[in-house]
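Asker: Return a 3D structure for these sequence lines:
(one chain, ligands or ions: 1)
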Amino acid sequence: MIVVFLGPPAIGKGTQARRIARERGLSVISTGDKLREAVAQGTDVGQEAKKFIDQGQLVPDEVVVRIVTDSLRSINGNGVILDGFPRTLSQAESLETHLEKEAGLDGVLHFEAPTEMLIGRASGRRICRNCQEIYHLEFRPPRSEGVCDACGQETLYQRTDDQEEAVRRRLEGDQLTTQKLVDFYQERGLLARVAADRDVDSIAKDVSLWVEGLS
Ligand code: AMP
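Answerer: The predicted model follows:
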């Protein structure tokens with residue numbers, strides 16, 4: 001099974017992807033996580049990507065497409081959730097071409113919420129540098145400040161692109177491209193929607209039902 005979680009930054013796709021993946025033994029490919037990892041390791045890809053990420057801009061298509069196709073080749077098991085990819089029409093077309101020889105995508109879930117809510121979500125978000133677990137200071141605080149509940153390391157940090165100005169830029173750029181992706185997947189009969197302006201458990205229930213319906 002290969003599914004895509006689509007939606008603006010900080011809407012909670014990553015949290016939901018990790019949760020449903022744990023429940024059902026799926027893998028998650030998050031292009032954001034992979035790029036941050038490359039930046040932290042200082043690889044060529046990381047150095048190239050950093051300029052774009054810090055500005056709240058999209059990393060060039062060919063870079064992310066390569067990351068995803070390489071990751072898809074090395075994954076086996078029950079299936080994969082693509083989180084944060086595709087983000088442009090060109091990425092969606094590349095993915096379609098890549099999957100042509102296989103069964104193709106099973107479904108695309110569009111996470112929807114009012115834009116104003118996302119600024120607050122992003123500014124309160126904290127990530128674990130060690131295991132990428134996602135927290136929110138208000139909605140999902142760690143048990144102990146700065147310490148990851150999942151791996152026990154004192155490695156929680158705020159992403160530079162989660163600061164307000166960068167989030168606004170990311171959201172502005174995102175609206176137009178997301179709509180194009182919604183149309184693209186709707187035409188192919190793959191699109192479903194979930195209201196993401198609710199508590200994490202209610203959204204998780206709907207996500208779980210949707211995934212169950214695909215299997
Ligand atoms: P995310 O963790 O999904 O919010 O992604 C963080 C940043 O990584 C984005 O603001 C982009 O700069 C970059 N990025 C992640 N996924 C993609 C993608 N599919 N296409 C282009 N840039 C991406």
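Asker: In the protein, spot the helix with the most residues.
Answerer: Looking across the chain with DSSP state H, the single longest helix is helix 164-187.
Asker: all helices for this protein, in order.
Answerer: Ranges of helices in the chain, per DSSP H, are 13-24, 31-41, 44-54, 61-73, 89-99, 115-123, 164-187, 200-214.
Asker: So which bits of stretch 74-85 are buried?
Answerer: Within stretch 74-85, the residues that count as buried by 16 or more other Cβ atoms under 10 Å are 79-85. Any C-beta I mention is one placed from the backbone N, CA and C, and that applies to glycine too.
Asker: count of neighbours near residue 154?
Answerer: 13 (other Cβ atoms under 10 Å).
Asker: residue contacts, it?
Answerer: Listed by Cβ atoms under 8 Å, 6 or more residues apart in numbering, the contact set of residue 154 reads 146-148.
Asker: Could I get the contacting residues of whichever residue of the chain sits closest to the ligand?
Answerer: Ranking the residues of the chain by distance to the ligand (Cβ to the nearest ligand atom) places residue 32 first, at 2.0 Å. The contact partners of residue 32, by Cβ under 8 Å, 6+ apart, come to 14, 83-84.
Asker: Can you convert those into TSV and add a column each for pLDDT and distance to the ligand?
Answerer: Conversion of these to TSV gives the following (pLDDT from 0 to 100; distance: Cβ to the nearest ligand atom, whole Å):
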residue	pLDDT	distance to the ligand
14	95	7
83	97	7
84	95	3
